[in-house]
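Engineer: Output the structure for:
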Amino acid sequence: MEGGKPTLPLVYQAVQALYHDPDPAGKERASVWLGELQRSMYAWEISDQLLQLKQDVESCYFAAQTMKMKIQTAFYELPPETHTALRDSLLSHIQNLKDLSPIIVTQLALAIADLALQMASWKGCVHTLIEKYSNDVSSMPFLIEILTVLPEEVHSRSLRIGANRRTEIIEDLAYYSTTVVTLLVSCAEKSGHNEKMLIKIFRCLGSWFNLGVLDNNFMANNQLLMILFQVLQRDETSTNLHEAASDCVCSALYAIENVAINMPLAMQLFQGVLTLETAYHMAVAREDLDKVLNYCRIFTELCETFLEMTVRTPGQGMGDLRTLEMLLICAGHPQYEVVEISFNFWYRLGEHLYKMNDPALHRVFRPFIQRLLHSLARHCQLDPDHEGVPEDTDDFGEFRMRVSDLVKDVIFLVGSMECFSQLYSTLREGNPPWEVTEAVLFIMASIAKSVDPENNPTLTEVLEQIVLLPETVHLAVRYTSIELVGEMSEVIDRNPCMLDPVLNFLMKGLREKPLASVAAKAIHNICSVCRDHMAQHFQGLLDIARSLDSFALSTEAAVGLLKGTALVLARLPLEKIAECLSDLCAVQVMALKKLLAQDSSSGKSSDPTVWLDRLAVIFRHTNPIVENGQTHPCQKVIQEVPLHIWPVLSETLNAHQGDNRIVERCCRCLRFAVRCVGKGSASLLQPLVTQMVSVYQVYPHSCFLYLGSILVDEYGMEEGCRQGLLDMLQALCMPTFQLLEQPNGLRNHPDTVDDLFRLATRFVQRSPVTLLSSNIIIHIIQCAIAATTLDHRDANCSVMKFIRDLIHTGVSNDHEDDFEVRKRLIGQAMEQHGLQLVTQLINTCCFCLPPYTLPDVAEVLWEIMLFDRPTFCRWLETALKGLPKETAGGAVSVTHKQLTDFHKQVTSAEECKQVCWAIREFTRLYR
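Structural biologist: Residues are numbered from 1 along each chain as shown. Below is the predicted model:
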């Protein structure tokens with residue numbers, strides 16, 4: 001922090017400004033200044049002094065939060081000899097401030113817990129705390145708070161205490177767990193009906209259950225379990241206490257997931273939860289939704305915990321099917337939020353039964369799934385007074401989407417065809433109200449794709465009936481009918497005689513504003529599946545495409561319609577494709593020309609993204625089958641007059657070169673145009689590259705790098721193009737490196753990193769010698785090594801793929817002429833950068849990257865090892881020697897044996913996944 005240590009009055013003034021300054025700019029300045037203070041070394045002493053002064057809630061909260069943050073993220077700043085003084089100081093603060101505010105107590109409790117976890121010299125912290133405070137009633141609330149957050153922080157991502165220390169702590173907490181539970185029992189007995197205290201006790205117990213260290217025999221007969229269920233059975237229990245008790249029971253059920261080794265506690269919990277059915281009915285009768293939701297959470301957690309037993313021994317012992325009955329009772333509740341809680345369980349049950357594939361078991365569970373589907377269909381009903389179409393984006397719309405997903409996952413147990421037929425017969429035989437009809441059609445649409453369309457008279461009958469629906473039926477029924485038709489495109493493909501009536505039905509929908517988008521989506525589905533049959537209707541599709549904006553379509557639906565049209569276009573005879581593609585593109589190109597003319601005359605800038613997106617989707621999906629030697633029919637359209645597609649795109653790009661969003665759309669459009677005609681776009685290469693490089697010098701949009709990678713992919717193997725593409729790469733690299741070398745450049749520009757290494761990787765794949773022989777390769781490798789630390793999924797994946805593919809060129813395709821050159825060039829690069837790369841990768845795995853990136857790192861290490869195993873062994877040994885052996889708190893991070901074991905596992909690995917396992921285990925020592 002500049003200007004040395006700030007005075008306490010100055011800090012106090014900043015805290016006051018943060019909370020009370022009426023001017024937002026003043027608040028912002030205070031926030032920035034206090035953030036700098038928190039990151040400085042002075043924060044330790046100033047926080048301690050503010051807590052001692054106890055001036056007001058705000059300053060104490062700021063100080064307590066700062067202490068917690070410093071201990072979590074900057075504990076290494078303190079010398080080990082100060083740790084004991086810090087502990088004593090924090091304990092003194094929490095005692096003195098216990099009555100000021102609960103949130104301050106929580107922050108200080110977290111600070112003490114985080115200190116205890118990192119401070120190796122503080123042995124038996126639980127025992128110390130209980131001994132010190134358990135006899136003082138006034139200290140009990142903060143003691144229980146510390147004992148609650150301590151187990152929660154063991155797996156905190158903010159604390160990198162490492163697997164060795166974590167194992168040591170968990171063993172220590174397990175040893176003292178019975179002491180903690182005994183303390184909680186004694187508190188519960190003394191507090192009687194003190195609700196706040198009981199909530200604290202249940203939260204604390206739940207926290208110890210979550211850590212999985214409580215002895216199940218000791219807990220099975222424990223008084224606290226009895227108190228928990230009494231609280232849940234009592235009708236007069238308050239909402240807050242009920243929620244705390246429910247959370248605790250759910251934690252207990254989760255903790256005994258491995259039922260076989262927790263049998264005594266499992267039995268008690270199983271029996272206890274079954275006694276809550278009456279209490280559930282009482283909550284329903286009192287319309288107490290909070291309690292109803294809590295009971296449903298408990299019943300669901302019970303079913304999840306005993307799922308294995310329910311499936312292995314249904315109806316016997318703890319495979320008792322009453323558990324499913326309780327969930328179906330909840331499914332009968334009128335509020336859809338209640339049944340939704342159980343969705344994950346039903347999904348898991350379906351998954352288990354699908355994998356076991358036992359018809360006898362399916363018969364046992366089929367009635368339960370049938371009843372569930374019946375409930376779900378009822379819950380999907382719209383209100384009878386609902387007007388208009390169903391909403392997709394509100395809470396109820398999202399619930400219906402989740403119902404649709406669940407139905408797809410469990411329908412195999414009932415049989416898609418059987419269920420579809422039953423649903424249809426309820427519509428055919430009865431005369432249900434519109435909202436029931438709509439819900440039944442919605443469920444039918446969910447399962448339509450899983451019904452076998454071959455020779456299925458019911459499906460054709462459903463289609464025939466739907467297309468005859470009068471326009472007088474409720475709008476929502478028409479909307480969902482159109483959705484169902486779109487899902488039945490396979491049936492239409494098998495029964496082409498239905499195509500005309502279906503398209504007439506959908507065209508009616510397309511002309512009505514509320515139904516237009518869903519009708520467009522259905523037409524898109526039919527075009528995708530019935531491409532050959534739709535070819536005769538291409539003129540109709542073209543007419544729709546020409547007047548797209550006369551329909552009230554969402555952007556997505558309009559693009560979808562064009563996609564369908566392009567898919568059908570690709571099935572026309574080759575000689576017709578060019579003319580039809582030209583017609584299809586003309587509307588979009590004319591609109592872009594018009595915008596450019598308007599912009600130049602008015603001096604204003606209009607947004608061309610709608611037209612660029614439409615053009616892109618046409619190029620993307622027009623992929624006709626072209627035999628060798630035939631000219632690609634799309635080539636003429638993209639390059640030649642009269643449309644001027646390339647000049648229009650080029651002008652649009654120039655006009656909007658500073659706007660990343662529009663430039664990205666232009667590049668996307670060009671990318672699909674190049675992909676569409678492949679080598680046929682060669683005449684575009686020179687002008688396109690020139691323009692890309694020129695704009696990129698001023699506006700380094702990362703999409704140019706991506707477009708560059710497409711060009712390298714298409715032309716990189718053409719001898720005459722290689723030097724030009726290398727010049728492009730070098731010209732693009734210079735501004736890119738300048739951007740990434742700024743402070744936090746890599747972190748601030750992950751898209752640029754991602755696209756730069758996509759481009760470099762394409763070069764490695766298409767023309768490795770060209771790249772490896774160039775001067776730019778050294779800078780690209782150095783940039784890649786620096787970027788390995790970047791915690792960004794796509795960017796990191798691109799960097800690792802580049803390094804892996806680069807090294808792989810030194811061992812792959814050894815029969816090719818250029819193999820020896822490649823091997824020599826990679827050898828030189830590894831000699832220069834190998835040790836630095838391996839050291840960086842090991843450090844990055846341990847300290848920077850999340851676990852999901854480790855397989856990519858393992859592949860890089862594996863490739864280095866394949867290239868030169870003896871040298872790699874030495875590099876790895878050097879890298880491991882440089883790792884810290886102790887944490888800031890004095891705990892052992894890694895033992896000598898763990899280092900040598902890891903080295904041996906990696907260097908003796910016979911396949912890449914063994915390297916990955918070894919890294920996964922080893923990096924836990926630093927997490």
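
Engineer: center of this protein - which residue?
Structural biologist: For the chain, the residue nearest the mean C-alpha position is Arg793 (10.7 Å; CA atoms, centre = their mean).

Engineer: now Thr789, what's its secondary structure?
Structural biologist: Classification of Thr789 using DSSP: H, G, I helix; E, B strand; the rest coil returns coil.

Engineer: Just name whatever secondary elements the helix or strand bottoming out on mean pLDDT in the chain is in contact with.
Structural biologist: Each helix and strand of the chain was given a mean pLDDT (mean pLDDT, DSSP states H and E); the minimum falls on helix 633-639 at a mean of 79. Secondary-structure packing of helix 633-639 (3 or more CB pairs under 8 Å, 6 or more residues apart in numbering; DSSP states H and E): helix 574-602, helix 645-655, helix 660-677, helix 682-698. Quick note: C-beta positions are derived from backbone N, CA and C, even for glycine.

Engineer: After the first one, which helix or strand is next? Please name it.
Structural biologist: Read it as helix 574-602. Counting by DSSP states H and E, the next helix or strand C-terminal to helix 574-602 is helix 609-621.

Engineer: picking that back up, roughly how far apart are the residue nearest to the centre of the chain and Phe345?
Structural biologist: Arg793 sits 30 Å away from Phe345, going by CB to CB, to the nearest Å.

Engineer: Gly350 is in contact with Val410, correct?
Structural biologist: Yes - applying CB atoms under 8 Å as the test, Val410 and Gly350 come out as touching, 4.1 Å apart.

Engineer: re the thing from before, for the least confident helix or strand of the chain, which outside residues touch it?
Structural biologist: Around helix 633-639, the neighbours that count as contacts under CB atoms under 8 Å, 6 or more residues apart in numbering are 574-575, 577-578, 581-582, 585, 619, 622, 624, 626, 643, 645-646, 673, 676-677, 680-681, 683-684.

Engineer: So for the residue nearest to the centre of the chain, what's the pLDDT?
Structural biologist: Looking at Arg793, its pLDDT stands at 94.

Engineer: Looks like it contacts Tyr852 (just checking).
Structural biologist: Yes - between Arg793 and Tyr852 a contact is recorded at 7.5 Å, counting by CB under 8 Å.

Engineer: Please, which helix or strand holds the residue lying closest to Pro80 once chain neighbours are set aside?
Structural biologist: Spatial nearest neighbour of Pro80, excluding adjacent residues (CB to CB, 6 or more residues apart in numbering): Gly890 at 5.7 Å. Per DSSP H and E: Gly890 is located in neither a helix nor a strand.

Engineer: Gly890 contacts Ser121, doesn't it?
Structural biologist: Yes - look at Gly890 against Ser121 with CB under 8 Å: they come within range, at 6.0 Å.

Engineer: Among those two, which residue is more densely surrounded?
Structural biologist: Using other CB atoms under 10 Å as the criterion, Gly890 and Ser121 rank with Gly890 on top: 14 against 11.

Engineer: So what does the more buried one have for phi and psi?
Structural biologist: Here the main-chain torsion angles of Gly890 (degrees, to the nearest 10) amount to phi 90, psi 10.

Engineer: okay, and the common contacts of Val410 and Gly350?
Structural biologist: Joint contacts of Val410 and Gly350 (CB under 8 Å, 6+ apart) are Ile369.

Engineer: all helices in the stretch 401-550 of the chain, in order from the N-terminus.
Structural biologist: Taking DSSP state H, counting those that start in this stretch to define them, one finds helices in the stretch 401-550 of the chain at 416-429, 434-447, 457-467, 475-487, 489-494, 499-510, 513-529, 531-534, 538-546.

Engineer: which parts of the last one are buried?
Structural biologist: Within helix 538-546, the residues scored as buried using 16 or more other CB atoms under 10 Å are Phe538, Leu541, Leu542, Ile544, Ala545.

Engineer: Pick the one among those residues closest to Pro390.
Structural biologist: Ile544 (24.5 Å; CB to CB).

Engineer: ok, now how distant is the closest one from Ala116?
Structural biologist: Taken as CB to CB, the span from Ile544 to Ala116 is 69 Å.

Engineer: would you put the C-alpha positions of the least confident helix or strand of the chain in CSV?
Structural biologist: Provided in CSV are the C-alpha atoms of helix 633-639 (Å, rounded to 0.1, in the frame of the first residue of the first chain):
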residue,chain,number,x,y,z
PRO,A,633,-22.0,-25.3,-56.8
CYS,A,634,-21.7,-22.7,-53.9
GLN,A,635,-18.3,-21.5,-55.1
LYS,A,636,-19.8,-19.4,-57.9
VAL,A,637,-22.4,-17.8,-55.6
ILE,A,638,-19.8,-16.7,-53.0
GLN,A,639,-17.2,-15.4,-55.4
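
Engineer: How far away from the center of its chain is that helix?
Structural biologist: Computed by CA atoms, centre = their mean, to the nearest Å, the chain-centroid distance of helix 633-639 equals 40 Å.

Engineer: again with stretch 513-531
Structural biologist: Worked out by CA atoms, centre = their mean, stretch 513-531 lies 29 Å from the chain centre.

Engineer: And stretch 37-46, by the same measure?
Structural biologist: Relative to its chain's centre, stretch 37-46 lies at 35 Å (CA atoms, centre = their mean).

Engineer: Quick check, Glu863 in contact with Ser812.
Structural biologist: No - at 9.8 Å, Glu863 does not count as touching Ser812 under the criterion of CB under 8 Å.

Engineer: what's the distance between the residue nearest to the centre of the chain and Pro501?
Structural biologist: Taken as CB to CB, the span from Arg793 to Pro501 is 47 Å.

Engineer: quick one on the thing from earlier: so what sits against both of Gly890 and Ser121?
Structural biologist: With CB under 8 Å, 6+ apart, Gly890 and Ser121 have common neighbours Pro80, His83.

Engineer: Just tell me which of the helices of the stretch 401-550 of the chain ends up closest to Glu741.
Structural biologist: That would be helix 513-529 among the helices of the stretch 401-550 of the chain, by CB to CB, at 45.9 Å.

Engineer: Run the angle between that closest one and helix 475-487 for me.
Structural biologist: 10 degrees (axes from the mean of the first three to the mean of the last three CA atoms, to 10 degrees).

Engineer: And helix 513-529, what's buried?
Structural biologist: In terms of neighbour count (16+ other CB under 10 Å), helix 513-529 has its buried residues at 515-529.

Engineer: Once you drop chain neighbours, what's closest to Val339?
Structural biologist: Here the residue nearest Val339, using CB to CB, 6+ apart, is Ala331, at 4.4 Å.

Engineer: need the contact list for the one you found.
Structural biologist: Contacts of Ala331 by CB under 8 Å, 6+ apart are Val338, Val339, Ser342, Arg371, Leu372, Ser375, Leu376, His379.

Engineer: Hmm, Ala558 is touching Arg614, no?
Structural biologist: Yes - Ala558 lies in contact with Arg614 (CB under 8 Å); the separation is 7.1 Å.

Engineer: Quick check: neighbours shared by the two?
Structural biologist: Leu548.

Engineer: what's the helix or strand harbouring Phe399 packed up against?
Structural biologist: Using DSSP H and E, Phe399 sits within helix 395-414. When contacts are defined as 3+ CB pairs under 8 Å, 6+ apart, helix 395-414 sits against helix 336-340, helix 343-356, helix 359-379, helix 434-447.

Engineer: so where is the stretch 601-750 of the chain shaky, pLDDT-wise?
Structural biologist: Counting by pLDDT under 70, the low-confidence segments of the stretch 601-750 of the chain come to 603, 640-643.

Engineer: now with 50?
Structural biologist: Within the stretch 601-750 of the chain, no stretch has pLDDT under 50.

Engineer: Tell me who's in contact with Leu515.
Structural biologist: Listed by CB under 8 Å, 6+ apart, the contact set of Leu515 reads Val389, Leu475, Arg478, Tyr479, Ile482, Gly509.

Engineer: could I get the residues you listed as CSV with pLDDT, distance to Glu664 and neighbour count?
Structural biologist: Shown next, in CSV, are the contacts of Leu515 (pLDDT from 0 to 100; distance: CB to CB, whole Å; neighbours: other CB atoms under 10 Å):
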residue, pLDDT, distance to Glu664, neighbour count
Val389, 92, 33, 21
Leu475, 96, 37, 18
Arg478, 96, 38, 26
Tyr479, 97, 34, 23
Ile482, 97, 33, 28
Gly509, 95, 33, 22
